[in-house]
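1. build me a structure from this.
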Amino acid sequence: RLASYNIVKDALAVNNLAIVITPRRDYIADLCQMFTVPCLVLSTDGTSAERSVAGNMTLDMTIPEHMQQTLLFDLSAHLDMREIAMLYRKQSDLIYLSGVLENSVKVHRFNLDSVNDSELFAILNHVRNDVRTVILIDLYYNVSTLFYKALRLGMLIPEFNWIVIATQMECIDMTEYLHTRVNLITIDPLHGEPEPQCSRDEFTRAMLDDTVAVIIDAVRQSYESMSEADAHATWADANTGQRRYELLKQAVISGNSGRVQFGSSGTRVNVTIGLLKLAETGFVVTGNWNDGREARLHYNHDAYEKWVDKYHTAAPPKFFRITTVLDPPFVMLNLNGSAYEGFLIDLLAELQAIWPFEYVINPSRDGQFGSPKGNGEWNGMIGELRDGTADMSVASLTITNERMTAIDFTKPYMTSGSGLLMMTKVHSAPALFAFMEPFDNTVWLLIFVSVLVCGIVLYTINRWKLVGTGSTDDEAEFTLFEGIWFTFGSFVQLGTDYEPKAVSSRVLSCTWWGVILILISSYTANLASFLTVEVLSQPINSVQDLVNQNEYDYGTVRGSSLISYLNHSTNPTLQ
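-> A predicted model of the protein is given here:
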C-alpha cells in the first residue's frame, strides 16, 4: 500500500495530471486534494463513512447513501412497516441503513456473512414467525440460496414484503419465483432500468463511461463559455486544478446510472432511483424516487397489478393426476369403498371453488410416502411426482429437508411430532378367587401355618398347666382341635365354646389378636383397591425402554419420515 501511495504521489507531482479517476475513495483522493487535482470516485467498494462525505477536490459518481437512507424511510412509510428484519453481510451497511429506521420501526438484525445452510434456515424460520418485511442488504452472492430456502418456508407470498438493496439484483435468475406473487422490490443504487450489465467488469465499464461523459461535458462547457486559448489553458495548466474541479461540478449528463449532476459538496443531487418489482416476466419498473421532488417517492401500482390480475384470472390446468396414501382422517375411503373422503379431500373441494379444475386420485403404487432408493431415485408418492406419473400429492406427507431437495411443498397445514403407541391391557371381570389377590400365595401359606402353630402352642400351654389356675376338667376339654379352632375363630372374628384359662395362654391369645388386627386391616384395604381401582402402569415410557425389552415387538411405516430420521440419526439408541 505504501509503494502504490508513492507511485501515485510521484505521478501527480511529476506528470502534472489534469484529472484522476479512482475506483474508490482512499489515499488517492487525499493525494488529489494535496496536489489540487480533481478526483472522480467510482466508489464501488469504499466504506460507508468514506462514501457519504465528499472532499474539496472529489466528485462521487455513485448515489449518496444518505439518499438511500431517505428512500428506505419513505418506502417504509408507504408500506406501513412496523417491524422489519435486516439481513446483511457488512456491519457498515447495517449501520447506515438501520439507523434511519430505528426511530419509527422495530428492527431485527441478522448477519449472514459466515452462516451455513442450517443456520440460514434457522434464521429465516425465526424471521417468518416474527415479521412480515425483510430487507436484504448487499447479498448478491447469497441471495439465490436465501430465496430458495424462503420459498420452502412459505415466505415468498404476498403477505411478505421483500426489499433488496443490492447492485445487479436483477441479474440473478428468479425464474423459479416469477409466479409466487411475492412483493419483492429491489432498490438498485446504480440502475434505473431492468436492463443491467450482469458482470462486474461490464458494470465497472458502464460507470467509467459515465465518468468520461462528465469530463467531456465539462470540457464542452469550458470551450463554449470562453475563448479556445483560455479553455485550453484551463485544462493544461497545473495551477488551474480548482477551476477544473468547478467545471466538472457543473457538468450534467444522462448516463448509465441515470441523471448525473453534482452539488456544492461534490456529491450527486437531483437523483432518480428506480424501483423494480418482481413480476411474471421478471423485474419491471414499478416506481421511482427523486430527492428533488416534494413528494420524493412515486410508486406505480398499475405496472405490478396488471400482471397480478392476469395471473389471478388465468385458467389453471384443467386436469390433475393426484397420488395419495390412505391415512385417516386425512384421506380414506367412504363406507362403500367407492370414493375418497377426509380432510384433504375437503381441502381439494375448497380449491376447486376458487380455481375450477378436475382431478383423479390414484393410490400410490407401492403404498409408501416416499424415501430415497439410491442413485437419486425415490419410491412412493415422491417417486411418482419426480417421474411424471402424478402431478401432485395429496396426503399426510411430512416435510423434511431430504424431501425438500426432491419436490416442492405447500405451506404446512398441520404440525405434529412422533410418539409411541401401545395396546392397553384388557381388564376382565373379577375372577372367582379374586379375593385372594391382595396377598401373595406365600403370605396365605404363612397365615395357614401360623394358625396351626398358634393353636398347638395354646394347647400345649393349657395341657401342661405352665402358669394355669383353672380347673382340671376345663383344661382336659381344651384339646388340640379346640386350640386350633380357637386361633381360626379369632382370625375370622368368631367365638368358641372353650377358651384358654391359663395366664400365659391368654397373653399368647392377646398377641395373636393383635396380629389378626393388622392382617385384616391390610387385607381389607388391598381388596378394595384390587376390586375398584384400575392400576395404570406403562411398561414402556421412552425409546430407551423400548430398546431394552424383548416382550413387545415394534415397528413403523415403511418409507415414512420417521424411518428416514432413524436411518440418519447419530444417536446410538435410535440407530
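2. got the contact list for Glu341?
-> Taking CB atoms under 8 Å, 6 or more residues apart in numbering, we find Glu341 in contact with Met332, Leu333, Asn334. Using the backbone N, CA and C atoms, a C-beta is placed for each residue, glycine as well.
3. what does the pLDDT read for it?
-> Model confidence at Glu341, given as pLDDT, is 93.
4. distance check, it against Gln221.
-> Noted for Glu341: a distance of 80 Å to Gln221, by CB to CB, to the nearest Å.
5. next: Asp387.
-> Distance check for Asp387 against Gln221: by CB to CB, it reads 68 Å.
6. Ile461 should be in a helix, yeah?
-> Yes - counting by DSSP: H, G, I helix; E, B strand; the rest coil, Ile461 is part of a helix.
7. any low-confidence regions in the stretch 101-250 of the chain?
-> Low-confidence segments of the stretch 101-250 of the chain (pLDDT under 70): 101-103, 138-142, 166-171, 188-203, 225-239.
8. that one: strands as residue ranges?
-> Counting by DSSP state E, counting those that start in this stretch, residue ranges of the strands within the stretch 101-250 of the chain are 106-111, 133-137, 161-165, 183-187.
9. return the distance of the first one from the chain's centre.
-> Its chain's C-alpha centre and that of strand 106-111 lie 16 Å apart, by CA atoms, centre = their mean, to the nearest Å.
10. stretch 248-268 now?
-> Offset of stretch 248-268 from its chain centre (CA atoms, centre = their mean): 45 Å.
11. quick one: terminal-to-terminal distance for it?
-> Taking CA to CA, to the nearest Å, the first and last residues of stretch 248-268 lie 12 Å apart.
12. neighbours of Tyr299, how many?
-> 17 (other CB atoms under 10 Å).
13. same question but for Ala502, I mixed them up
-> As a burial measure, Ala502 scores 21 neighbours (other CB under 10 Å).
14. the one 5 residues further on now?
-> When counting by other CB under 10 Å, one arrives at 13 neighbours for Val507.
15. got it, and Ile484?
-> Taking other CB under 10 Å as the neighbour definition, Ile484 ends up with a count of 18.
16. averaged pLDDT, the helix or strand containing it. What do you get?
-> Here Ile484, judged by DSSP states H and E, is contained in helix 480-491. Average pLDDT, helix 480-491: 78.
17. buried ones in the next helix-or-strand element following that helix?
-> Secondary structure here is assigned by DSSP H and E; on that basis, the next helix or strand after helix 480-491 toward the C-terminus is helix 503-532. By neighbour count with 16 or more other CB atoms under 10 Å, helix 503-532 contains the buried residues Ser504, Ser505, Leu508, Ser509, Trp512, Ile516, Tyr523, Leu527.
18. where's helix 503-532 relative to the chain centroid, distance-wise?
-> Between the mean C-alpha position of helix 503-532 and that of its chain there is a distance of 66 Å (CA atoms, centre = their mean).
19. quick revisit: how about JSON lines for the strands of the stretch 101-250 of the chain, with distance to Asp391 added?
-> What follows is these, written out as JSON lines (distance: least, CB to CB, whole Å):
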{"stretch": "strand 106-111", "distance to Asp391": "37"}
{"stretch": "strand 133-137", "distance to Asp391": "31"}
{"stretch": "strand 161-165", "distance to Asp391": "29"}
{"stretch": "strand 183-187", "distance to Asp391": "27"}
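20. closest to Gln544 out of those strands?
-> Between Gln544 and the strands of the stretch 101-250 of the chain, the tightest spacing by CB to CB is seen for strand 106-111, at 37.6 Å.
21. measure the closest residue to Ala77 other than its chain neighbours to Met81 for me?
-> Setting aside the residues directly before and after it, Ala77 is nearest to Ser104 in space (CB to CB, 6 or more residues apart in numbering), at 7.6 Å. Computed with CB to CB, the distance linking Ser104 and Met81 is 8 Å.
22. over to Leu146?
-> Computed with CB to CB, the distance linking Leu146 and Met81 is 20 Å.
23. how about Leu508?
-> Applying CB to CB, one obtains 94 Å for the distance of Leu508 from Met81.
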